[in-house]
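> sequence unknown, structure follows:
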C-alpha cells in the first residue's frame, strides 16, 4: 500500500512585526505613563506649593486686617470724648452717656462700633452703650483691674453671641487718670473684609462643640463644610491642611492658630477648578500618549511591512539553495535596489544571498566537473588517456563473462616496451612520457570498435579482442609491433625508438579468471622477451613456466592472507656503536608467520609481492607497525626497510604525514633503509621522497651499499644519513685484503660527505676490531644479537 510522504509542518511563528509592535507598545506605554505620572506629580507639587503660599499670604492678610481694625479703634477712642461732651465735675459719666446717646448711631453706622463702656478710675462700669448691651467681658475687666492705665486690645468670643474686638483706652483728666473708654467692634466685619479680599470663607472658633463657630462668613455655605470636616478639623496642626470633597466640589481647609487666647480661625479655599485642571491635564496627557502610541504602532507596521514581506520571500526562496535551483532562486528574488535611500540591511542580505547563489552555482559546476574528472581519473590513465588497470579489470571481467556465456573466444594481448628504462635514464622522464603518449596514440589508432585498450602501468599495455581467433590475434600483435616501431622521439640529438614484447592468451580456452589470464599473458610476454625485442608469444599450457605461475598465484594468496590476518612480524636486531659498544638503535626485520607457526623470511615472499603489486601493502604495514612500536616503547629508536616500490608510492608519504600528525612521538626515532639498487633505479623519485620524509624529521640509511653501483656521484645525490656496507664485504674482512681496502674506501668517502658508516653481518670480535681500526661508526650482526620479535605490549 503506497502512502504519500508526510511533509513536516513548521511550528507556528510569531511575526517580527508583532514582536516589535508589542515591545514598542510596552515601551511607549511605560514612557507615556511615566511622563503622565511625572506631570501629575509636578502639578500636584505645584498645587501644594501654591496652596502653601496662598495660606501664608492669607494668614498675613488676616492679621493685617485685625491690626488695621485695632488701629482704627485706637484713633476712634481719642475722638469719642470730644463728641460735644463737657467733661467736668462729677457729671463726666453722665456727659459721656449723653454723647454716646446722641452720636452712638454715627459710631455704629460709620465705624461699626457695636458697644461702648466707661470704666472709672475705681474700676466701676459707669456707662454702657447701647442700652441693654452686655457688660464688658470679664477677661477685659480683669486686665484693666491689674493695669488700669494701660491700653488693652482683646478679641473675645461669647458663644452664640459672637466675637468682638475690644479696645480699652485710658483717659486723663487734669493730668490724672480718669478712667478707661472701652469700644467694642464685631469680628464679623473683619471676616467679611477678609472674604472680600481673598475670596476665602473663614470661621472663628472659640471652643469645640455646638457653638464652635460663633462667627463665620456665609453660614449657609460654610457651615455644612465645617460639619463635613468633623473632628479632623480641630486636630489640624497650624502647618497642615485638610482636603474635603463635598457635594461634588473640593475644598482645602487650614487653621490659623491663636488669633487670641482660645480663639482660632479656620479658612476654607475652594480648589474645585484647580483640581479639575490637574485631572484634565492628566487625562489629556494620557489621551495624547495613547494617540501617540497608536500612531507609532501604525507607523511601525507601515514601515515593517515591506521589509518583512521581503524577508518572508527570502525565507521561502532559500530552500531552493538546498535543491541546487540557483537560477530559480535568483528569479524569485528581485535584484536589490541600487539607490542608497532604498538600500538597507535586508538589501545587503538579498545581495549576499544573490552572490551566494551565484558562487554556489559556480562551485556546484566546478564540483560536478571535478567529480566527473575524478571519475574519469579513477578509470583512466591521465598520461595516455587510456583506461587504467582498475577500469580494465572491470571491463575485462565483463568481456570474459560474455565469452563464457555465449561460447565465443577472445584474446588478451599484453604489451611491454623493450628497453624503455634506457630512454628514461638517458633523456629523462619527460621524453619517456612523450614516448608513452606516442605509443598510446598508435595503439588507439589500431584498436577497433569494441576492443578494450588500457595502460596497466609503467610501460605495460593491454589490448582485449572480444571475438578473435588465435591467428587473428597473432596478426593483430604484428600490426601493433609495426605501429610501435614507427614511434620516434627526438631529444638532444638522439632518436629514441622502442619495440614491444607481446604475450597473447586466449579466453576462455586458456582461463576464465581475469587474474589467471593476466598472469598467463604476463608469462607469455616474458617468454617473448627471452626470444629478443619486438617478439610475441602465444601462451601455452605446456609452458615450463606454468609451475612458476602457479607458485606466484599461491604466494599471492598467502601474502594476502597474512596481511588480512596480521601475521607479519618485525624482529629487531641491535645496531651498536663500534667505539663504545652501546646500542644506538635497532633494525626491524620483516618476517611472515605461516599457519603452522613457522617463520617465512622475506626472500621468499618479497619478490612475489614486488611482481604482483602487493609490496605496497607490505610497505604500509611496516610503516604503520613501526610507528605503533615506537609509541609502545618510548625509548626505542627503530630502523625499517622500504622496497623499491616505496620510492614512487605517494600514498606512503601521506600515511606517514597523517600518522605522525596524530601520534605524539619524535620523528627522529624512525629511520628508513632503502637499498642502493632501489634508490638508483628511481633516482629522482627516491631523492624527492627522501627529502620530503626528512622534512618530517625522520632519517634515511642507504642499505647494501657496494652490491650495486657504489658510485660517488649517486651517493652525493642521495640525502641519506647513514651508509650500510653490504655484509658480503664484511664476512671475509679478516682474510680478504681487497674487502678491507673497499670498506676503508667507502668509510673515508662517506665520512668526507658527513655520513655515518654501518657494517652489517659482524659475527666475531676480530671483525669488530678491524672495523674499529678502519673507523667504521656502527656495526650489526650475530656477534651482538640475533633478531628477536618485539611486540606492542612492551615485551
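Nice, thanks for sending it over. Note that the coordinates shown come from a computational prediction; the quantities given were computed from them, not determined experimentally.

> ok but residue 104 is inside a strand, no?
No. Using DSSP: H, G, I helix; E, B strand; the rest coil, the secondary structure at residue 104 is helix, not a strand.

> Now do the contacts for it.
Shown in contact with residue 104 (C-beta atoms under 8 Å, 6 or more residues apart in numbering): 113, 116, 129, 130. C-beta coordinates here come from the backbone N, C-alpha and C atoms, glycine included.

> And for residue 156?
Per C-beta under 8 Å, 6+ apart, neighbours of residue 156: 137, 139, 140, 163, 164, 166, 260, 263.

> Tell me how many other residues surround the third one.
Think residue 140. Other residues lying near residue 140 total 22 when counted by other C-beta atoms under 10 Å.

> correct me, but residue 575 touches residue 781?
No. With contacts counted by C-beta atoms under 8 Å, residue 575 stays clear of residue 781, the gap being 9.6 Å.

> Got a PyMOL select line for the buried ones in the contacts of residue 156?
Here is the PyMOL command that selects the buried residues among the contacts of residue 156 (16 or more other C-beta atoms under 10 Å):
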select buried, resi 137+140+163+164+166+260+263
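
> ok, residue 29 to residue 666 distance?
71 Å (C-beta to C-beta, to the nearest Å).

> Let me fix that, I meant to ask about residue 443.
For residue 443, the distance to residue 666 - C-beta to C-beta - is 51 Å.

> The two: which is more packed in?
Applying other C-beta under 10 Å to residue 443 and residue 666 shows that residue 443 carries more neighbours, namely 25 against 12.

> can you pull the contacts of that one?
So residue 443 contacts 386, 415, 453, 461, 463, 480, 483, 484 (C-beta under 8 Å, 6+ apart).

> How about residue 412?
Contacts of residue 412 by C-beta under 8 Å, 6+ apart are 396, 462, 463, 464, 465, 504, 505, 506, 507, 517, 518, 521.

> pLDDT weak spots in the stretch 251-400 of the chain?
335-342 (pLDDT under 70).

> now the end-to-end length of stretch 641-653.
15 Å (C-alpha to C-alpha, to the nearest Å).

> buried residues in that stretch?
Quick answer for stretch 641-653 (16+ other C-beta under 10 Å): 641, 642, 643, 644, 645, 646, 647, 648, 649, 652, 653.

> Show me how far stretch 509-520 is from its chain's centre.
61 Å (C-alpha atoms, centre = their mean, to the nearest Å).

> buried sites along that stretch?
510, 511, 514, 516, 517, 518, 519, 520.

> go on, stretch 481-499?
481, 483, 484, 487, 489, 491, 496, 498, 499.

> which ones among these are found in strands?
Mapping these onto strands (DSSP state E) picks out 489, 491, 496, 499.

> Show me which of those is closest to residue 98.
residue 491 (169.7 Å; C-beta to C-beta).

> pretty sure that closest one is touching residue 431, no?
Yes. Using C-beta under 8 Å, residue 491 is in contact with residue 431, at 4.5 Å.

> Skip the chain neighbours and tell me the closest residue to the most centrally placed residue in the chain.
Geometric centre of the chain, nearest residue: residue 349, 19.0 Å, by C-alpha atoms, centre = their mean. Using C-beta to C-beta, 6 or more residues apart in numbering and skipping the chain neighbours, the partner closest in space to residue 349 is residue 314 (6.8 Å).

> and that neighbour, how many neighbours?
Around residue 314 there are 16 residues (other C-beta under 10 Å).

> about what we covered before: out of the contacts of residue 104, the closest to residue 308 would be?
residue 113 (88.9 Å).

> which residues sit in contact with the closest one?
Residue 113 neighbours (C-beta under 8 Å, 6+ apart): 76, 104, 107, 183, 184, 185.

> Run through the bridge partners of the fifth one.
Note on residue 184: beta-bridge partners by DSSP bridges are residue 115, residue 166.

> I'd like to know how many residues surround it.
If we define neighbours as other C-beta under 10 Å, then residue 184 has 23 of them.

> Residue 566 sits in which helix or strand?
Counting by DSSP states H and E, no helix or strand carries residue 566.

> Local confidence estimate at it?
Per-residue confidence at residue 566 stands at 91 (pLDDT).

> Next, the contact list for residue 699, please.
668, 670, 671, 672, 721, 722.

> who does it bridge with?
Applying DSSP bridges, one finds that residue 699 bridges with residue 671.

> okay, it: pLDDT?
94.

> So which residues of the stretch 301-450 of the chain form helices?
Using DSSP state H, counting those that start in this stretch, the helices of the stretch 301-450 of the chain run over 319-322, 326-332, 345-379, 389-406, 420-427, 429-446.

> And the stretch 501-650 of the chain, by the same measure?
Going by DSSP H, counting those that start in this stretch, the stretch 501-650 of the chain shows helices at 514-531, 546-564, 602-612, 615-632, 650-662.

> and what of the stretch 151-300 of the chain?
Going by DSSP H, counting those that start in this stretch, the stretch 151-300 of the chain shows helices at 188-198, 219-229, 231-234, 272-317.

> can I get those helices in JSON lines with distance to residue 358?
Compiled in JSON lines, the helices of the stretch 151-300 of the chain are given as follows (distance: least, C-beta to C-beta, whole Å):
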{"stretch": "helix 188-198", "distance to residue 358": "86"}
{"stretch": "helix 219-229", "distance to residue 358": "85"}
{"stretch": "helix 231-234", "distance to residue 358": "84"}
{"stretch": "helix 272-317", "distance to residue 358": "14"}
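
> Select, out of the ones you listed, the one closest to residue 424.
helix 272-317 (58.2 Å).

> Touching, the residue nearest to the centre of the chain and residue 317? I think so.
No. Applying C-beta under 8 Å as the test, residue 349 and residue 317 come out as separate, 11.6 Å apart.

> Residue 65 should be in a helix, yeah?
Yes. Per three-state DSSP, residue 65 lies within a helix segment.

> neighbours around it, how many?
Residue 65: 18 neighbours (other C-beta under 10 Å).

> Over to residue 374?
11.

> Now residue 361. Nearest residue, chain neighbours left out?
Counting by C-beta to C-beta, 6+ apart, the residue nearest residue 361 is residue 326, at 4.0 Å.

> Number of residues surrounding the one you found?
20.

> quick one, what contacts it?
Taking C-beta under 8 Å, 6+ apart as the test, what residue 326 contacts is 320, 357, 358, 360, 361, 364.

> one more time with 7 Å, if that's ok
For residue 326, the contact set (C-beta atoms under 7 Å, 6 or more residues apart in numbering) comprises 357, 360, 361.

> Can you mark which positions in stretch 186-200 are buried?
In stretch 186-200, counting by 16+ other C-beta under 10 Å, buried: 186, 187, 188, 189, 190, 191, 192, 193, 194, 195, 198, 200.

> Now render the residues you listed as TSV, adding distance to residue 733 and pLDDT.
Formatted as TSV, these follow (distance: C-beta to C-beta, whole Å; pLDDT from 0 to 100):
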residue	distance to residue 733	pLDDT
186	157	86
187	152	87
188	154	86
189	155	86
190	150	88
191	149	88
192	151	89
193	150	89
194	145	91
195	146	92
198	141	92
200	140	93
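
> okay if I get those as CSV plus distance to residue 246?
Below are these laid out as CSV (distance: C-beta to C-beta, whole Å):
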residue, distance to residue 246
186, 28
187, 25
188, 24
189, 27
190, 25
191, 20
192, 22
193, 25
194, 21
195, 18
198, 20
200, 15
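
> Closest to residue 552 out of the residues you listed?
For the buried residues of stretch 186-200, the nearest to residue 552 is residue 200 (132.0 Å; C-beta to C-beta).

> hang on, that closest one packs against residue 266?
No. Counting by C-beta atoms under 7 Å, residue 200 stays clear of residue 266, with 10.2 Å between them.

> Lowest pLDDT pick from the buried residues of stretch 481-499?
Lowest confidence among those: residue 491, with 79.
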